[in-house]
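In: Model the following, please.
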Amino acid sequence: MKSHIHLILGIVLLSFSLLSCSQPKDASKVDPKDIVSEYYIDYDTDTKILSVIAEFRAGTTYLTLDKGAYVSWDGELLEMALDSEINYIYYKLSKNITSDNELYTTHLFTYRNHEEKLFTHQITIPSVVDYSVTERTPVTLRMAWQIPDQIAADGLMVTTKKKLNSTIIKIDDFFIATEATQNSGTFFVPNSIVEKYGPGAAVDITVCRKRRFDLAEGTAGTGFLLARNCGKTISTTIPKE
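Out: Okay, here's the model as predicted:
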């Protein structure tokens with residue numbers, strides 16, 4: 001579970017890298033209208049682990065929930081975690097998912113602030129995507145994807161991995177925008193990635209469907225909710241000349 005939390009944190013820290021490293025502050029010391037709420041949900045089909053992260057900040061300062069404030073996912077409280085090196089505070093939860101019925105239902109984030117006001121956000125996780133490699137050349141990897149239903153999503157996130165040795169893995173990510181009603185399509189792994197890995201390289205590919213919502217909590221100035229559902233990792237080899 002810990003490694004999967006690290007995976008979703010990689011997404012979170014992409015945005016964090018743009019912020020300064022101000023010392024964390026108690027949320028009760030900030031005007032509620034200045035609090036930005038960000039929620040992340042990530043499901044990995046390979047491990048059947050659902051990871052949930054919530055973070056709260058005011059400007060570039062991350063906030064701790066105090067004086068009775070909390071955040072929960074389907075009624076389960078998220079635990080606070082701290083990366084002291086970069087002053088990053090977040091709240092996390094990991095769950096083993098045992099059935100599709102448990103995953104594909106309406107989920108609920110609940111945030112209670114120190115004034116005991118409740119703010120709820122519902123989310124349905126997008127369905128998993130099926131995908132395969134349909135064309136391989138020394139400089140080209142073409143892929144096809146499809147989904148079984150019309151649960152809305154706004155894009156695909158693709159992760160490619162090449163193991164360089166027993167301890168080092170080269171990882172690249174890229175995004176593909178999709179229409180809400182689109183249920184199939186094709187795409188190419190960028191040539192720059194394929195050429196960098198080189199002919200003969202063994203490559204693992206994971207495709208995730210994602211959906212993002214902007215929040216309107218009433219007390220929060222801005223915020224969003226991001227959900228991803230990652231399909232089973234597939235392996236392929238870039239052909240040699």
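In: buried ones in stretch 63-73?
Out: 63-65, 69-73 (16 or more other CB atoms under 10 Å). C-beta here means a position set from N, CA and C on the backbone, and glycine is covered the same way.
In: likewise stretch 175-193?
Out: Result for stretch 175-193 [16+ other CB under 10 Å]: buried residues 178, 185, 187, 189, 193.
In: does the first one really touch Ile147, like I thought?
Out: No - using CB atoms under 8 Å, Thr178 and Ile147 do not qualify as a contacting pair, with a distance of 9.4 Å.
In: what is in contact with these two at once?
Out: Ala153 (CB atoms under 8 Å, 6 or more residues apart in numbering).
In: Just the ones in helices from the buried residues of stretch 175-193, please.
Out: Ile193 (DSSP state H).
In: least confident pick among the buried residues of stretch 175-193?
Out: When the buried residues of stretch 175-193 are compared by pLDDT, Thr178 scores lowest at 86.
In: OK, contacts around the residue nearest to that residue when sequence neighbours are not counted?
Out: If the residues on either side of it in the chain are set aside, Thr178 comes closest to Gly155, at 5.4 Å by CB to CB, 6 or more residues apart in numbering. Each residue near Gly155 by CB under 8 Å, 6+ apart is listed here: 175-178, 209-210.
In: repeat that with 7 Å
Out: Residues near Gly155 by CB atoms under 7 Å, 6 or more residues apart in numbering: 175-178, 210.
In: Can you name the residues bridging to it?
Out: Ala177, Lys210 (DSSP bridges).
In: Against Pro32, how distant is it?
Out: 31 Å (CB to CB, to the nearest Å).
In: No further queries at this time; thank you.
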